[in-house]
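A.B. asks: structural data only, the sequence is not supplied:
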């Protein structure tokens, strides 16, 4: 079933990524981590469907946010990041997926591991925890190319600064801020062990990013002693234009 | 786009396509692989979407679990790679009355 959402706000997260806020009058509500299919239809009737993670926490207003990273040759992502304006309408199917979700009643420690735009569904979990007044201990390990590629930077910083909130570790893969203690490189076993919950606390781990990132990160989490049953993954691209 | 050797997604990425024909969210269902007998959530399957449709493969043995192809006004579903799917219906009690 497709619903029509109206674009009510646009916000650039980075030079190539934009958050689109949609108002969907009959939105049935969602759980953090779920995604939504977006159908864009051109004037000649050609249409294309892409799947995007929902970035916003569940809310009573029926508002749904997605953050779209513009992909090279991505016809839908180019449209969504460059052409859509406020008051435009988009068709949505969802919310979708009941596996890669965090529910506010979960009280166990939560380990989030994001690669690039894989932060989006994890941000929904962080926001959901905050809006529900949750106290589940959250840690986020966020791998990005460079500081300018960080999504939601100020909001994450605010969550990180706030007591009882989310503990935040960045891993820069290409260029790090000046004086950053760790040279730019991918997440390795040592960083995974230092920046994530000890496995004896039995955290539930959520890993989202490009397929190769997820493969590597899930393997490292497992090597740290986390049971595969406690590691949930969401991969995207290069095949599905998925974010 | 990238030269990744990994070219699959997770089974949860099929949720939108599957919602065309199933009323319940099949990605959270437990399914048994007909080839190796592994029992896992459908969301944990390896999903290939670059073909003319969707192919889900067992995360353990990589044999085909399910194929879903849409052609014009028709959907073809092949589930012979699954011995069974087991779905939790607890949340349906209210709506079925």
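C.D. replies: Okay, I see it. Just so we're clear, the structure is a prediction, and the values are computed from it rather than from any experiment.

A.B. asks: pull the number of nearby residues for the closest residue to residue B:17 other than its chain neighbours.
C.D. replies: Nearest residue to residue B:17 in three dimensions, chain neighbours excluded: residue B:54, at 5.5 Å (C-beta to C-beta, 6 or more residues apart in numbering or on different chains). For the C-beta atoms, the positions are set from N, CA and C on the backbone; glycine is no exception. The criterion is other C-beta atoms under 10 Å in any protein chain shown. On that basis, residue B:54 has 23 neighbouring residues.

A.B. asks: give the contact list for residue B:54.
C.D. replies: By C-beta atoms under 8 Å, 6 or more residues apart in numbering or on different chains, the contact list for residue B:54 reads B:14, B:17, B:47-48, B:66-69.

A.B. asks: residue at max distance from the center of chain A?
C.D. replies: residue A:44 (32.6 Å; C-alpha atoms, centre = their mean).

A.B. asks: that one should be in a helix, yeah?
C.D. replies: No. Counting by DSSP: H, G, I helix; E, B strand; the rest coil, residue A:44 is located in no helix; its state is coil.

A.B. asks: just read off the phi/psi values of it.
C.D. replies: When read as degrees, to the nearest 10, the backbone of residue A:44 gives phi -80, psi 10.

A.B. asks: just give me how far stretch B:26-42 sits from the chain centre.
C.D. replies: Its chain's C-alpha centre and that of stretch B:26-42 lie 9 Å apart, by C-alpha atoms, centre = their mean, to the nearest Å.

A.B. asks: that one vs chain A: in contact?
C.D. replies: Yes. Judged by C-beta under 8 Å from any C-beta of the partner chain, stretch B:26-42 comes into contact with chain A through B:27-28, B:41.

A.B. asks: wait, what's in contact with the closest residue to chain B within chain A?
C.D. replies: Nearest residue of chain A to chain B (C-beta to the nearest C-beta) works out as residue A:99 at 3.4 Å. Counting by C-beta under 8 Å, 6+ apart, residue A:99 makes contact with A:232, B:11-12, B:27-28, B:41, B:43-44.

A.B. asks: can you give me the strands in chain B?
C.D. replies: B:9-10, B:30-33, B:39-41, B:46-48, B:54-57, B:64-71, B:74-78, B:82-86 (DSSP state E).

A.B. asks: give the pairing partners of the first one; include direction for each.
C.D. replies: In the sheet containing strand B:9-10, its partner strands are strand B:46-48 (antiparallel), by DSSP bridges.

A.B. asks: can you check the last one too?
C.D. replies: As defined by DSSP bridges, the strand partners of strand B:82-86 come to strand B:30-33 (antiparallel).

A.B. asks: how about the strands in chain A?
C.D. replies: A:3-12, A:17-23, A:35-41, A:47-53, A:63-69, A:89-96, A:110-115, A:138-144, A:166-172, A:204-210, A:231-236.

A.B. asks: save those strands as a markdown table, and put in mean pLDDT too.
C.D. replies: Shown next, in a markdown table, are those (pLDDT from 0 to 100):
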| stretch | mean pLDDT |
| --- | --- |
| strand A:3-12 | 96 |
| strand A:17-23 | 97 |
| strand A:35-41 | 91 |
| strand A:47-53 | 89 |
| strand A:63-69 | 96 |
| strand A:89-96 | 93 |
| strand A:110-115 | 97 |
| strand A:138-144 | 97 |
| strand A:166-172 | 95 |
| strand A:204-210 | 96 |
| strand A:231-236 | 91 |
